[in-house]
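1. Output the structure for:
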Amino acid sequence: MTRVHPRHVGLAPAIALVVLAAACGAPDEAADGEPTPAETATGEAEQETTLRLYTSVTQDTVDAVTERFQQANPNVTLDVFRAPTGELNARVNAERREGEIQADVFWLTDPLSMQPFAEQGLLREWTPANAEAIPEAFRTDTFWGTRLLNLVIVARDDLEATPTSWDELAGHDFQQPVALPDPGFAGSAFGALGFFALDDRYGFEFYETMADSGVTQVQAPGEVVSGVAEGRFSAGMTLDRMAREAEEAGSPVQMVWPEPGAVAVYSPIGVLATADAVEPAEAFTEFVLSVEAQNLIAETGWQPANPEADWPHPTGDTVSPDWSEGFARQEGLLEKYRAIIGE
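-> Residues are numbered from 1 along each chain as shown. The predicted structure follows:
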């Protein structure tokens, strides 16, 4: 059984929406008669356990992965709290003030949001059996990449001059303003901030140029896409999945894979050092990294971090922050961004 909690940040009891797993019978088996990764995830243990997952990952992706894991492990009850990065962090901070974080697993949007927990010793140090399937650039000793969020340009499809690079987006001269998602709200935007602020080609001058050109900040990447589609913005920064889906649905937008590359942010998963359900937590993490779960992630529109998984969509060059430098400076990054763009 999977319990999915509505978004909230306090610790008062909330009415939970209980969602039964799609199947409660015997687990499926692979074609050759061997158990699938999800089926072997928790070994032979039959003791009923509650696994608490805190996540900022999109709902359909979480549902696809947790339901498959649940089908194969009916002895594990998944208790899921899902919220945007800022709200999730507020809940975690509130729980720490009350005594202890209640989660067993964090599955977050970006590594800059995960790193503070690692630095404070809140994440368990261990090595998933399939950790090496994830490229070295997308893993640490305590958390591992599960999917790639590529930040791209979304623009009106009727612009006379479509921006093809980040520089052209920043120094825009369009009829309507350019939109940016808030890095204090959206983890992917925080990852983009890490890239632009720390890269020698851009620095905070990138955001200063944006501000001088009259940029508009919205909360989330999805609001950028809807605002461009409605004509309130000429272009903006958003996630490839959202721009692609809008374009395929017939919205008057186009996705642009910008020069010198889309900003690739990896979405990490890690087990809490204080986890009550250690074995199921580690099993769930290994399942999320498996080709089986990575294919499920791809089916929901996100590029899987495991290169062995199927990915049908064309991509271009990517750039990423210097994560180690970003980890060391992230508090100051958001403060300086706010001084330029505003709250």
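
2. Can you pull up the most central residue in this protein?
-> By CA atoms, centre = their mean, the chain has its centre lying nearest to residue 109, at 2.5 Å.

3. can you tell me which residues contact that residue?
-> 56, 57, 85, 149, 186, 187, 188, 191, 265, 267 (CB atoms under 8 Å, 6 or more residues apart in numbering). No exception for glycine: its C-beta is placed from N, CA and C like everyone else's.

4. In strands, which of the residues you listed appear?
-> 149, 265, 267 (DSSP state E).

5. can you tell me which residues contact residue 271?
-> Contacts of residue 271 by CB under 8 Å, 6+ apart are 104, 105, 123, 124, 126, 278, 281, 282, 285.

6. part of a strand, is it?
-> Yes - under DSSP: H, G, I helix; E, B strand; the rest coil, residue 271 sits within a strand.

7. picking that back up, backbone dihedrals for the residue nearest to the centre of the chain, both of them.
-> phi -90, psi -30 (degrees, to the nearest 10).

8. And the strands in the stretch 51-200 of the chain?
-> 76-82, 105-107, 144-156, 178-181 (DSSP state E, counting those that start in this stretch).

9. Minimum distance to residue 313: which of these has it?
-> strand 144-156 (9.8 Å; CB to CB).

10. Run the chain-centre distance for the closest one.
-> With CA atoms, centre = their mean, to the nearest Å as the basis, strand 144-156 stands 9 Å off its chain's centre.

11. Give the buried residues for it.
-> 144-156 (16 or more other CB atoms under 10 Å).

12. Also stretch 190-205?
-> 190, 191, 192, 193, 194, 195, 196, 197, 198, 199, 202, 204.

13. residues making contact with that stretch?
-> Around stretch 190-205, the neighbours that count as contacts under CB under 8 Å, 6+ apart are 85, 109-113, 149, 151, 166, 183-184, 206-207, 237, 260, 263, 265, 319-323, 325-326, 329-330, 333-334, 336-337, 340.

14. for stretch 288-306, same thing?
-> Residues contacting stretch 288-306 (CB under 8 Å, 6+ apart): 36-38, 58, 60-61, 64-65, 68-69, 107, 128, 130-131, 133-135, 138, 144-150, 240-241, 244-245, 266-267, 269, 287, 308-313, 315.
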